[in-house]
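Trainee: give the three-dimensional model of this entry:
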Amino acid sequence: VRFDPRMLASSVYRHGTTSIGDARMLYYRDGKTASVAVYENASGRRSIATNGKVDAGLMMDGQAPPSQDEYTMALLASLPLSMRDRYDRVGVIGFGSGMTTHYLLGSPRVRHVDTVEIEPLMVEGARLFRTRVPRAFGDPRHPEQRGVELDLRVSVVRRQDGARVLAHVYRHAERRSDRV
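Mentor: A predicted model of the protein is given here:
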């Protein structure tokens, strides 16, 4: 049986349709914990979805107005930054497009960011956002972590949720987090 990736990524539970419309499918893979899709519509909005649920959508043209998701991801990084002058460690649960991690790494007040993702294919699919989130993939303050080590410096954890992994990692003084 061959399944249509455009139907599987359609968010039918939310929109009531079994299609992503005119969007181009850029990436679709079935992982160990989820199916991951990346697609782009005619307006240039690129989305990454897990099991049909969009986790992030970015306008790939940096000159275009931001998508609503971009405001959310910016706030996820900005609100904690407004609470303290400096953070030694910040933990992010879930990679998505990498935008929250990218924004956090845009601040010189953050010394180190740990990102935990349970599905390796999410990070692989997020490579298609790299031009918009370069710090998430290349900033030295975002080093390789525990789990299955990937060259893109994100922990991929197995059979555990991100909060549990970060709680375990940060129990050790040298790995303690200021904000998760």
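
Trainee: give the contact list for Gly106.
Mentor: By CB atoms under 8 Å, 6 or more residues apart in numbering, Gly106 lies in contact with Ala77, Arg135. The C-beta positions use only the backbone N, C-alpha and C, and glycine is treated the same way.

Trainee: again, only using 10 Å
Mentor: By CB atoms under 10 Å, 6 or more residues apart in numbering, the contact set of Gly106 is Ala74, Ala77, Ser78, Leu81, Arg135, Asp139.

Trainee: sketch out the low-pLDDT regions of this protein for me.
Mentor: 6-19, 143-180 (pLDDT under 70).

Trainee: what ranges do the strands span in it?
Mentor: Assigned by DSSP state E, the strands in the chain fall at 24-30, 35-40, 45-50, 53-59, 90-93, 113-117, 148-149, 155-156.

Trainee: show me which residues of the first one are buried.
Mentor: When neighbours are counted by 16 or more other CB atoms under 10 Å, the buried residues of strand 24-30 are found to be Tyr27, Tyr28, Arg29.

Trainee: out of the residues you listed, flag the one nearest to Tyr87.
Mentor: Nearest to Tyr87 out of the buried residues of strand 24-30 is Tyr27 (CB to CB; 32.4 Å).

Trainee: restrict the longest helix along the chain to CA atoms and write it as CSV.
Mentor: Using DSSP state H to define each element, the chain has its longest helix at helix 68-81. Extracted C-alpha coordinates of helix 68-81, given in CSV (Å, rounded to 0.1, in the frame of the first residue of the first chain):
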residue,chain,number,x,y,z
GLN,A,68,2.0,34.1,13.1
ASP,A,69,4.2,31.2,14.2
GLU,A,70,7.3,33.5,14.0
TYR,A,71,5.8,35.8,16.6
THR,A,72,5.2,32.9,18.9
MET,A,73,8.8,31.5,18.5
ALA,A,74,10.2,35.0,19.0
LEU,A,75,8.2,35.4,22.2
LEU,A,76,9.3,32.0,23.5
ALA,A,77,12.9,33.2,23.4
SER,A,78,12.3,36.9,24.2
LEU,A,79,10.2,36.5,27.4
PRO,A,80,12.8,34.6,29.3
LEU,A,81,15.5,37.0,28.1
